[in-house]
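K.L.:
Next come a sequence and a model predicted from it.
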Amino acid sequence: MLNFSKFIEIVISFQSILISSMIPVFISIPIIDKSKNFFEIPITWQIPTLIFLSILYKPVIVNKAFSIYLLIGLFFLPIFHQGGSLGYLLTPNFGYLIGMFPLIKIINNLNNKNRIKTFDFIKNGILAIFAMHLTGIIYILIQLIFYQKIEFILYNISNYTFGKIGYHLLMLCPLLLVIKTIEYIKKRV
């Protein structure tokens with residue numbers, strides 16, 4: 001049975017996942033021309049948000065919220081980063097969305113400890129991101145059965161994994177700062 005506080009946590013998690021999937025990541029670079037002093041990174045805030053939610057809540061909460069996100073995106077509204085509907089199953093993006101489940105599981109292993117150590121966070125974060133990308137690669141390889149074009153598969157792996165994994169790993173740094181700030185505030189209170 002689901003109590004009211006768990007329901008609220010699921011709704012908050014779902015809303016966070018939904019909103020973060022629509023917000024691109026920008027980095028401000030003050031050295032460049034003042035009219036264009038930002039650089040857009042080709043990812044959204046969805047993965048950092050999922051990592052943060054996995055640290056805050058139990059995996060059941062985050063898994064339910066992400067499952068609701070997937071169901072709504074597949075059957076009701078086009079809420080994914082590049083659309084939605086059942087046709088999204090045929091895109092390489094869906095494999096990376098499935099890869100969020102192992103990411104949530106690996107990051108949630110940090111919740112078993114009272115204090116999150118920097119090394120543990122970095123280690124689990126790297127493992128989680130690699131697990132997500134590995135799931136995406138496996139999904140792309142399964143698509144080889146349907147498309148039977150190796151060039152298509154190689155393009156997707158290079159575009160969706162090799163083109164973005166460095167940025168996903170880079171996003172662990174701001175997350176670490178937020179987590180350490182929260183721990184510092186908890187100690188002071």
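P.N.:
All right, it came through fine.

K.L.:
Give me the sheet partners of the biggest strand by length in the chain and which way each runs.
P.N.:
Of all segments of type strand in the chain, defined using DSSP state E, the longest is strand 38-44. In its sheet, strand 38-44 lies beside strand 24-28 (antiparallel), with partners assigned from DSSP bridges.

K.L.:
in the strand it pairs with, what's buried?
P.N.:
V25 (16 or more other C-beta atoms under 10 Å). (C-beta placed from N, C-alpha, C; glycine too.)

K.L.:
what's the longest strand of the chain in contact with?
P.N.:
Residues external to strand 38-44 that are found in contact with it (C-beta atoms under 8 Å, 6 or more residues apart in numbering): 20-29, 32, 81, 163-164, 167-168, 170-171.

K.L.:
Show me which of those are buried.
P.N.:
When neighbours are counted using 16+ other C-beta under 10 Å, the contacts of strand 38-44 contain these buried positions: S20, S21, V25, H81, K164, H168, M171.

K.L.:
got the phi/psi numbers for the fourth one?
P.N.:
If I follow you right, that is H81. As for H81, its main-chain torsions (degrees, to the nearest 10) stand at phi -60, psi -40.

K.L.:
quick one: it and F7, what's the gap?
P.N.:
26 Å (C-beta to C-beta, to the nearest Å).

K.L.:
List the buried residues of the longest strand of the chain.
P.N.:
The neighbour-count check on strand 38-44 (16+ other C-beta under 10 Å) flags I41, I43, T44 as buried.

K.L.:
Closest one to K149 out of the residues you listed, please.
P.N.:
I43 (26.2 Å; C-beta to C-beta).

K.L.:
What residues does the closest residue to that closest one other than its chain neighbours make contact with?
P.N.:
If you skip the residues right next to it in sequence, I43 has Y167 as its closest partner in space, 4.9 Å away by C-beta to C-beta, 6 or more residues apart in numbering. Taking C-beta under 8 Å, 6+ apart as the criterion, Y167 is in contact with V25, I41, P42, I43.

K.L.:
tell me, what residue is most central in this structure?
P.N.:
The C-alpha lying nearest the average C-alpha coordinate of the chain belongs to I47 (C-alpha atoms, centre = their mean; 1.9 Å).

K.L.:
isn't it right up against L170?
P.N.:
No - taking C-beta atoms under 8 Å as the contact criterion, I47 and L170 are not neighbours in contact, 11.0 Å apart.

K.L.:
Just name whatever secondary elements the single longest helix found in the chain is in contact with.
P.N.:
The longest helix of the chain (DSSP state H) is helix 118-147. Using 3 or more C-beta pairs under 8 Å, 6 or more residues apart in numbering; DSSP states H and E as the contact test, the elements touching helix 118-147 are helix 46-56, helix 93-98, helix 100-108, helix 150-157, helix 165-170, helix 172-188.

K.L.:
What's the mean pLDDT across it?
P.N.:
If you average the pLDDT over helix 118-147, you get 90.

K.L.:
same thing with stretch 164-183?
P.N.:
Stretch 164-183 shows a mean pLDDT of 88 in the predicted model.
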